[in-house]
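Undergrad: From the sequence below, what's the structure:
(one chain, ligands or ions: 1)
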Amino acid sequence: MKQSFIHRHLKEAAEHLKSGEPICFVFGNEAADLDSMATSVLYSAYKAASDPGQAYVPVIPVPRADFPLRTEALWLFSQAGVDSKDLLFAEDADLTKLLKRSEHSCIMIDHNRPSQALGDITAELKEIVDHHEDEQLFPNAESTIVPVGSCATLAAEKIFSTHKQIIDESAALLLAGTILLDTVNLDPEAKRVTPRDAEVVEKLKPLLSMDTQKLFDSLQFEKFNVSALSSYDILRKDYKEYQWGDIRCGISSSLLSISAWKTKDPNLSQSLQKFAAENNLDLLISMCAYTDPEFTRELIIFSDDSNLLERSYACLDAAETQLSPISKEGLTGNLSSFALYAQGDVSKSRKKIAPILQECFS
Ligand SMILES: [Mn+2]
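TA: Numbers count the residues shown, from 1 in each chain. Sure thing, here's the model as predicted:
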C-alpha cells in the first residue's frame, strides 16, 4: 500500500507535539476500542486538512503496551499500512496535564462525557463526534451526536462531503472495518446497524481491496485470536479484580483452550505466579472459553496458598460447576500452585462464578 494520508498526518502530528505550539487534541474514549482509535485518527487527519492553520493531534488515551491487547485493531491498522509505532498513546502526550492548559483545545470522539482519568479539562472543547446517548454536558460545543452503529460512520460522512481525497485505500479499510465490526457485518438482526452505516460502507466498497464479508470475518477472527499474545497479556486482556473479606481475587477470561495454552507456555505456573504477584492477588482464576466445535469452558485456579486452592475448588464444586481435573502433563515449574479443570456447566461465566466465590469467602 502506498504511503497513506494517515501516515503523513501521524508524522506531522508527532512534529506538532514536539514543537510546543497550541494543539487541538483529538481523542476517543478510554476503552480505546477500534472505533475510538480509528475514528480519532481519521477525524484528526480530516480536521488538519480542512483547517491548515491549526495543529491537530490524535492521541489514544491508553498506554502503548495496551494496544496489542486489541488484537483486531492491531490487525486492521497493520492491514491499512499504519505502523503502530506512529500512533500516539498516553505516554506520548500527557493529556491530563496538557488539557489543563488554555492554549490547547480538544475534540472528543466516540464519547461525550470526559473520562474521569483526564481530570478537569481547561482546554476549550471544540467539538464532539459521537454515537452514544447525548448527555448534553456541553451545549455550546459543536456536536454531531447521532445514534448510528459506529462513530466511524459519522466521521466518514463528514469526510466524504468535503474532503473525500483523504479516503484512500488505507482510510477506507480502517473506516469500513470499524463499521463492519461495530454493526456485526451490517446485520439487522444484531440491532446495531442503521441505514447511514450501510450507506457509508457502500461508498467505501469500491476503495477496498478485500470484500466486506472477508474483512468482517478476518476482524472477527483476529478479535479472538490471542495466539500472538504472551501469557501475561492473555491474562490481562479481559480481567476483573475482586476483594472478598481479606481475599483479593483476580478473574481473567481467556479465549483459548488449556491445551493450546500449555503448548504455548509450558512454564504457565511461572506466568500465573508473576501475574498474581504483580496484582497482589491471593487467588487468580483464568476462565478459558473456546469453540471446537462445541462451546467449551475450562478453569485455571492459582494460589500460593494450598488451602485457598482447595477451598475455591470445594465452593465451585458445591455450586455444581461440574469441574473435572485436566492433566498437567507437559508443564514445568511449580505444579502444586495451580489446578486445571474442565468445566461441565458451560453456562457459568465470570458473571456467575464471581458471586459464587464471593458467597464462600465473605
Ligand atoms: Mn463507538
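Undergrad: so where's the chain uncertain?
TA: 1-2 (pLDDT under 70).
Undergrad: in it, what residue is nearest the ion?
TA: D35 (3.5 Å; C-beta to the ion). No exception for glycine: its C-beta is placed from N, CA and C like everyone else's.
Undergrad: List the contacts of I166.
TA: Residues in contact with I166 (C-beta atoms under 8 Å, 6 or more residues apart in numbering) are F5, L42, A45, Y46, A49, I159.
Undergrad: Restricted to strands, list these.
TA: In strands, defined here by DSSP state E, there are no members of those.
Undergrad: Dump those residues into JSON lines; add distance to the ion as well.
TA: Shown next, in JSON lines, are the contacts of I166 (distance: C-beta to the ion, whole Å):
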{"residue": "F5", "distance to the ion": "22"}
{"residue": "L42", "distance to the ion": "13"}
{"residue": "A45", "distance to the ion": "18"}
{"residue": "Y46", "distance to the ion": "17"}
{"residue": "A49", "distance to the ion": "23"}
{"residue": "I159", "distance to the ion": "17"}
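Undergrad: The residue of the chain closest to the ion reaches G149, doesn't it?
TA: No. Using C-beta atoms under 8 Å, D35 makes no contact with G149, being 9.5 Å away.
Undergrad: so what's E222 up against?
TA: So E222 contacts T71, E72, L74, W75, L76 (C-beta under 8 Å, 6+ apart).
Undergrad: May I have the helix or strand the third one falls within exported as PDB, CA atoms only?
TA: In this case it means L74. Using DSSP states H and E, L74 falls within helix 71-79. Output of helix 71-79 as PDB, limited to C-alpha atoms (Å, rounded to 0.1, in the frame of the first residue of the first chain):
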ATOM      1  CA  THR A  71      -5.900  -7.800  18.600                       C
ATOM      2  CA  GLU A  72      -8.500  -6.800  16.000                       C
ATOM      3  CA  ALA A  73      -7.200  -3.200  16.000                       C
ATOM      4  CA  LEU A  74      -3.600  -4.300  15.700                       C
ATOM      5  CA  TRP A  75      -4.500  -6.300  12.700                       C
ATOM      6  CA  LEU A  76      -6.600  -3.700  11.000                       C
ATOM      7  CA  PHE A  77      -4.100  -0.900  11.400                       C
ATOM      8  CA  SER A  78      -1.400  -3.100  10.100                       C
ATOM      9  CA  GLN A  79      -3.500  -4.100   7.100                       C
END
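Undergrad: For it, which helices and strands make contact with it?
TA: Counting contacts by 3 or more C-beta pairs under 8 Å, 6 or more residues apart in numbering; DSSP states H and E, helix 71-79 is packed against helix 34-50, helix 169-182, helix 212-223.
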